[in-house]
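J.: The sequence isn't on hand, but the structure is:
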């Protein structure tokens, strides 16, 4: 209707706010304690929310950074692996080419044999000179060979020994040759002129020639067999024989086990302090004495455990043809414990080898444990020959199965031991060998069982290795033989020892075709001697 008032408008969207109560901000109790506490709780809740959000953002960022670092590290490892694989492939290709080149060099066209001249009777004097050089005549020994053997008692080897034919070296009973082509270097002196025979570094009285009284050695299945390996096999047979004896004698079984454990325990308790091993030495000697006199066991021929043939000697404690098997067995266990101590302790701590060398020399030089006036240390050396052939002149290629076997590389779990474990093993054995052979017996009534000339011989065998056949194992053994014992070596041989050290630490690493870590160690040792001792090589 035109005159009527307009209808009231209603908001169709938002209702009016509730104005029945005043805003809390404008209320009268806005400044009360309760209001402040509520506001503080709300602010604290907001602070925690913001803090937790910040922590989540930070953790997310850290996780992203860690993932990025891991991806970069993986990429770097894959890149290094790719480069290493490429290097190995290149080395394999190079090795194949080198083998092919060597095979080509080995191929030679055989030359025609020279025409045979008309046969003429050879002069008698020439025949007399040539006969001793043949390998087949074991029963005779020339005067030159006898003189060379006498000059090797305990001092430097004369230069005349270098003129001996190789055939004579094979026939000497104390020279053990390998049955393969790579024979150990014969004992020669490349350093000094002819010198008078020495006993532990002092002149010794001349001895009569043994050519007339030396009996013919026992025949063997192989004419060039390694005697030390045979001794090692004989010791294994002895161990089996002792096991058979214990089956028929229970008391012997109990005593044998107790003696073996007691021996190993005392060997493990050796200390480096002077006079600190008296109890251990007395216990070990008491066990050996007991096996000789108190505990009955089967008798064995000691010739099965030594390299030479012996006849009864006047005044010797034991001249009988046989000795108790229990005594030989305990000497074998003692030797085994010595080797284990060298391997386990002396590779990382070379100075611990000296007390072991002292007790070893004491046992094998004791007159009560000699047979026909001479030592039975060949039992220990047979074990050295098996675990460290490098000391006896053996060499091989570390990259081949046969070469590693010849170098004494141990197998573990069907495969070869790690290289570092092998190196530590060789270090301990080499320093142990030096601790036994470089002992001064000048003030002792006993005879040195393994004189310094044996050390000289092993050193010469390694140093005289052809450049192409030098291995890292030989270099490691050579350094460990010299380090910590260079002064004692020079006290025995004087200027000849200095010449030998020059050969070992200067000329030997220089001539090596492959510069291995062992070669570098020899050069470093030479510099250390110059800096610490003042020895200019």
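T.: Now that the structure is in, tell me what you want to look at. The structure presented is a predicted model; accordingly, all values stated were derived computationally and were not measured.
J.: Walking through the stretch 251-400 of the chain, point out its helices one by one.
T.: Along the stretch 251-400 of the chain, counting by DSSP state H, counting those that start in this stretch, helices occupy 278-293, 325-345, 353-365, 378-387.
J.: quick one: which of those helices is nearest residue 527?
T.: helix 353-365 (23.3 Å; C-beta to C-beta). C-betas here are computed from N, CA, C, even on glycine.
J.: any idea of the mean pLDDT for that closest one?
T.: When pLDDT is averaged over helix 353-365, the result is 95.
J.: mind putting the helices of the stretch 251-400 of the chain in CSV, mean neighbour count and distance to residue 505 included?
T.: Formatted as CSV, those follow (neighbours: other C-beta atoms under 10 Å; distance: least, C-beta to C-beta, whole Å):
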stretch, mean neighbour count, distance to residue 505
helix 278-293, 16, 35
helix 325-345, 22, 23
helix 353-365, 23, 20
helix 378-387, 22, 23
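J.: I'd like to know which of these lies nearest to residue 445.
T.: The nearest among these, by C-beta to C-beta, is helix 353-365 at 9.5 Å.
J.: before we move on, the earlier item: just send the helices of the stretch 251-400 of the chain back as a markdown table, with distance to residue 315 too.
T.: Shown next, in a markdown table, are the helices of the stretch 251-400 of the chain (distance: least, C-beta to C-beta, whole Å):
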| stretch | distance to residue 315 |
| --- | --- |
| helix 278-293 | 18 |
| helix 325-345 | 20 |
| helix 353-365 | 16 |
| helix 378-387 | 22 |
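J.: Pick out the residue nearest the middle of the chain.
T.: By C-alpha atoms, centre = their mean, the chain has its centre lying nearest to residue 426, at 1.1 Å.
J.: Shouldn't that one be within a helix?
T.: Yes: the assignment for residue 426 (DSSP: H, G, I helix; E, B strand; the rest coil) places it in a helix.
J.: Just the pLDDT for it.
T.: 96.
J.: just the one 3 residues further on next, same as before
T.: According to the model's per-residue confidence, residue 429 sits at a pLDDT of 97.
J.: What of residue 317?
T.: 89.
J.: Quick check on it: phi, psi?
T.: phi -70, psi -40 (degrees, to the nearest 10).
J.: Mind listing residues that contact stretch 421-434?
T.: The contact list for stretch 421-434 (C-beta atoms under 8 Å, 6 or more residues apart in numbering) reads 338-339, 341-348, 350, 353, 356-357, 384, 387-388, 390-391, 408-410, 412, 416-417, 455, 458, 472-473, 476-485.
J.: Touching, residue 462 and residue 479? I think so.
T.: No: with contacts counted by C-beta atoms under 8 Å, residue 462 stays clear of residue 479, the gap being 10.3 Å.
J.: closest to residue 314 out of the helices of the stretch 251-400 of the chain?
T.: Closest to residue 314 of the helices of the stretch 251-400 of the chain is helix 353-365 (C-beta to C-beta; 19.4 Å).
J.: Show me what the closest one is in contact with.
T.: For helix 353-365, the surrounding residues in contact (C-beta under 8 Å, 6+ apart) are 267, 270-272, 276-277, 280-281, 284-285, 288, 331, 334, 338, 341-342, 345-346, 369, 375-377, 380, 428, 431-432, 434-436, 439, 441, 444, 446-450.
J.: circling back to that earlier point, compare the helices of the stretch 251-400 of the chain and give me the one nearest residue 93.
T.: helix 378-387 (36.0 Å).
J.: Mind giving me the packing neighbours of the closest one?
T.: helix 227-248, helix 325-345, helix 419-437 (3 or more C-beta pairs under 8 Å, 6 or more residues apart in numbering; DSSP states H and E).
J.: Between those, which one is closest to residue 44.
T.: Judged by C-beta to C-beta, the one of the helices and strands packed on helix 378-387 that comes nearest to residue 44 is helix 419-437, at 61.0 Å.
J.: Quick one: distance of the closest one to the chain centre.
T.: 3 Å (C-alpha atoms, centre = their mean, to the nearest Å).
J.: how about that helix: buried residues?
T.: 422-437 (16 or more other C-beta atoms under 10 Å).
J.: what sits against the closest residue to residue 266 other than its chain neighbours?
T.: Of all residues not flanking residue 266 in the chain, residue 280 sits nearest, at 4.2 Å (C-beta to C-beta, 6 or more residues apart in numbering). With contact set as C-beta under 8 Å, 6+ apart, residue 280 has these partners: 266-267, 269-270, 359.
J.: could you redo the last one with a cut-off of 10 Å?
T.: Neighbouring residues of residue 280 by C-beta atoms under 10 Å, 6 or more residues apart in numbering: 263, 265-271, 355, 359.
J.: which element is residue 406 on?
T.: helix 401-407 (DSSP states H and E).
J.: Quick check: buried residues in that helix?
T.: So for helix 401-407, counting by 16+ other C-beta under 10 Å, buried means 403-404, 406-407.
J.: For residue 227, state which of the residues you listed is nearest.
T.: The shortest approach to residue 227 among the buried residues of helix 401-407 belongs to residue 406, at 17.0 Å (C-beta to C-beta).
J.: and the end-to-end length of stretch 451-471?
T.: 27 Å (C-alpha to C-alpha, to the nearest Å).
J.: Excluding covalently adjacent residues, which one is nearest to residue 382?
T.: Residue 382's closest residue in space is residue 231 (C-beta to C-beta, 6+ apart), at 3.9 Å.
J.: now the one you found: how far from residue 378?
T.: 6 Å (C-beta to C-beta, to the nearest Å).
J.: Residue 507 now?
T.: Separation of residue 507 from residue 378 (C-beta to C-beta): 32 Å.
J.: Output the below-cut-off pLDDT ranges for the stretch 1-150 of the chain.
T.: The model of the stretch 1-150 of the chain has pLDDT under 70 over residues 1-28, 107-113, 115-150.
J.: Could you rerun that using 90?
T.: Counting by pLDDT under 90, the stretch 1-150 of the chain shows low-confidence ranges at 1-39, 86, 89-150.
J.: Can you name the residues in contact with the helix holding residue 406?
T.: Contacts of helix 401-407 (C-beta under 10 Å, 6+ apart): 178, 180, 182, 388-390, 394-398, 400, 409-411, 416-417, 422, 426, 469, 471-474, 477.
J.: just the buried members of the residues you listed?
T.: Of these, these count as buried by 16+ other C-beta under 10 Å: 178, 182, 388-390, 394-396, 398, 409, 416-417, 422, 426, 471-474, 477.
J.: So which of the residues you listed are in strands?
T.: The strands, defined by DSSP state E, take in residue 416 from those.
J.: For the protein, just list every one of the strands.
T.: Going by DSSP E, the chain shows strands at 198-199, 202-203, 299-300, 323-324, 411-412, 415-416.
J.: hey, what's in contact with both of residue 462 and residue 479?
T.: Common neighbours of residue 462 and residue 479 are listed as 430, 504 (criterion: C-beta under 10 Å, 6+ apart).
J.: how far away is residue 506 from residue 468?
T.: 19 Å.
J.: of those two, who's got more company?
T.: residue 506 (14 against 10; other C-beta atoms under 10 Å).
J.: so what's the more buried one up against?
T.: Taking C-beta under 10 Å, 6+ apart, one finds 522-523, 526, 537 in contact with residue 506.
J.: Next: residue 95.
T.: Per C-beta under 10 Å, 6+ apart, neighbours of residue 95: residue 399.
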